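J.: here are the coordinates; sequence isn't available:
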C-alpha cells in the first residue's frame, strides 16, 4: 500500500526539480526524501524519475502519476485544514512568496503578528524580487507589487501604492531639482534593474514615458532608497519604501508637474483551487494591518 509521505515526497521533488531542494522545502534530510521516492517506485512497480548527477526528469509514468499525486496531497492537506477549521483553528503548512524589500520592511512584521494569533500554522516565507511561478514552485500564495497578468492566478488587492520621485537634500543642493519632465530626462537616475527602466507619468497631455540616464541599476528597492539617501541620484520608488524618510526630510519629493504611474499590492493564488481558509485569513489580516488608505500613505 502506498504511503502518503512517499507521494508527498515525489510531488515535492517533481515541483522543486531536485531532491536536495525538495528536502529543504519539506524540512527533511535528503536521504529521507530519496528513500521515500524509491519506496514509492517499488510499490508502484514503475520508475517515476530519471536521475543523473546534473538533472532530474520525470519518466512517462512519472508525468502521468504526478497529476494524481498532486491531487492526493492537496486533498489530504485540505481535509486536515477543514477538520481544524471545524474545531475553530487554522493549522498546517502555508507557503508564501513575496518581494524582498516589502517583506523586510512590512510583510515580516505582519506575518509575525498573524502567526502569534494562529500558532498551529506552519508558514514558510520566501522573499525574492523576481516573479515566482506559483504553481510550479509549490506556493499557496504570492505577494506581488504590480500587475498580475498570469491567467492561472486569482489576485486580491491588498493596497494601492503610489510611486514618487525622491532625492536627498545633498543631491538637490549640488545638482538642483528638476521642475519638468524635460529637465528630469537629464538628471542622474537610480533605476530598478529587474524590469523596464522606463519611467511613466500622467500629465494633462496624457501618458509620458521617460527613459532617464542611469547612474545606478539595482534589483532591490531598499538599496535604491539608500543610494538616494546617499545623494547619488533621483529614484522613483513606491511610498512604502521611504515614507519615514520623506517625513523626516532625509528624502525630498521631486515635483516635475506630473504624477508617476502607481501600482497595486496583491495577494494571488492558483485559479485551479479555491483559496484555503489559511490564505483567506491571511488576506484579511494583511488588509486590516495595512489599512485603507495604507498606513504609509497617511499624512
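T.: Ah, there it is. Please read all numbers here as calculations on a predicted model, not as lab measurements.

J.: domain parsing for the protein?
T.: Structurally, the chain divides into domains by automatic domain parsing as follows: 4-85, 89-157+265-297, 163-261.

J.: how about the ones you listed in a markdown table, adding mean pLDDT?
T.: Below are these laid out as a markdown table (pLDDT from 0 to 100):
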| stretch | mean pLDDT |
| --- | --- |
| domain 4-85 | 84 |
| domain 89-157+265-297 | 87 |
| domain 163-261 | 91 |
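
J.: how about the helices in the stretch 1-150 of the chain?
T.: Residue ranges of the helices in the stretch 1-150 of the chain, as given by DSSP state H, counting those that start in this stretch, are 4-16, 19-26, 30-44, 60-86, 100-102, 108-117.

J.: what would those helices look like in a markdown table with mean neighbour count and distance to residue 246?
T.: Every C-beta, even on glycine, is put in place using the N, C-alpha and C of the backbone. Supplementary listing: the helices of the stretch 1-150 of the chain in a markdown table, determined by neighbours: other C-beta atoms under 10 Å; distance: least, C-beta to C-beta, whole Å:
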| stretch | mean neighbour count | distance to residue 246 |
| --- | --- | --- |
| helix 4-16 | 21 | 41 |
| helix 19-26 | 18 | 39 |
| helix 30-44 | 17 | 48 |
| helix 60-86 | 15 | 42 |
| helix 100-102 | 21 | 16 |
| helix 108-117 | 14 | 20 |
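
J.: wait, which of those helices is closest to residue 183?
T.: Residue 183 lies closest to helix 100-102 among the helices of the stretch 1-150 of the chain, at 28.1 Å (C-beta to C-beta).

J.: now for the closest one, which elements pack on it?
T.: Under the contact criterion of 3 or more C-beta pairs under 8 Å, 6 or more residues apart in numbering; DSSP states H and E, helix 100-102 touches helix 221-229.

J.: hang on, the earlier thing: so which of the helices of the stretch 1-150 of the chain gets nearest residue 198?
T.: When the helices of the stretch 1-150 of the chain are compared by C-beta to C-beta, helix 100-102 sits nearest residue 198, at 19.9 Å.

J.: what's the closest one in contact with?
T.: 127, 128, 129, 143, 145, 220, 221, 222, 240, 241, 265 (C-beta atoms under 8 Å, 6 or more residues apart in numbering).

J.: looking at those, which one is closest to residue 159?
T.: residue 265 (4.6 Å).

J.: give the contact list for that closest one.
T.: 102, 143, 144, 145, 157, 158, 159, 160, 161, 290.

J.: can you flag which of those belong to strands?
T.: Residues of those located in strands (DSSP state E): 143, 144, 145, 157, 158, 159, 160, 161.

J.: mind checking which of the residues you listed are buried?
T.: Buried members of the ones in strands among the contacts of residue 265, counted by 16 or more other C-beta atoms under 10 Å: 143, 144, 145, 158, 159, 161.

J.: export these to TSV and tack on distance to residue 259?
T.: Output for these, formatted as TSV (distance: C-beta to C-beta, whole Å):
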residue	distance to residue 259
143	25
144	22
145	18
158	21
159	18
161	13
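
J.: out of those residues, which one sits closest to residue 295?
T.: Among those, residue 159 lies closest to residue 295 (C-beta to C-beta), at 9.2 Å.

J.: gap between that closest one and residue 69?
T.: As judged by C-beta to C-beta, to the nearest Å, residue 159 and residue 69 stand 37 Å apart.

J.: how about residue 297?
T.: For residue 297, the distance to residue 69 - C-beta to C-beta - is 45 Å.

J.: would you turn the contacts of helix 100-102 into a markdown table with distance to residue 64?
T.: Shown next, in a markdown table, are those (distance: C-beta to C-beta, whole Å):
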| residue | distance to residue 64 |
| --- | --- |
| 127 | 35 |
| 128 | 31 |
| 129 | 36 |
| 143 | 34 |
| 145 | 38 |
| 220 | 42 |
| 221 | 43 |
| 222 | 45 |
| 240 | 45 |
| 241 | 47 |
| 265 | 39 |
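
J.: buried subset of the residues you listed?
T.: 127, 129, 143, 145, 220, 221, 222, 240, 241, 265.

J.: hmm, residue 96 and the first one touching each other?
T.: No - here residue 127 does not reach residue 96: they are 9.6 Å apart, not a contact under C-beta atoms under 8 Å.

J.: enumerate every residue touching the residue nearest to residue 168 when sequence neighbours are not counted.
T.: With sequence-adjacent residues excluded and distances taken as C-beta to C-beta, 6 or more residues apart in numbering, residue 168 is closest to residue 231, at 4.4 Å. By C-beta under 8 Å, 6+ apart, residue 231 lies in contact with 167, 168, 170, 171, 174.

J.: no more questions from me, cheers.
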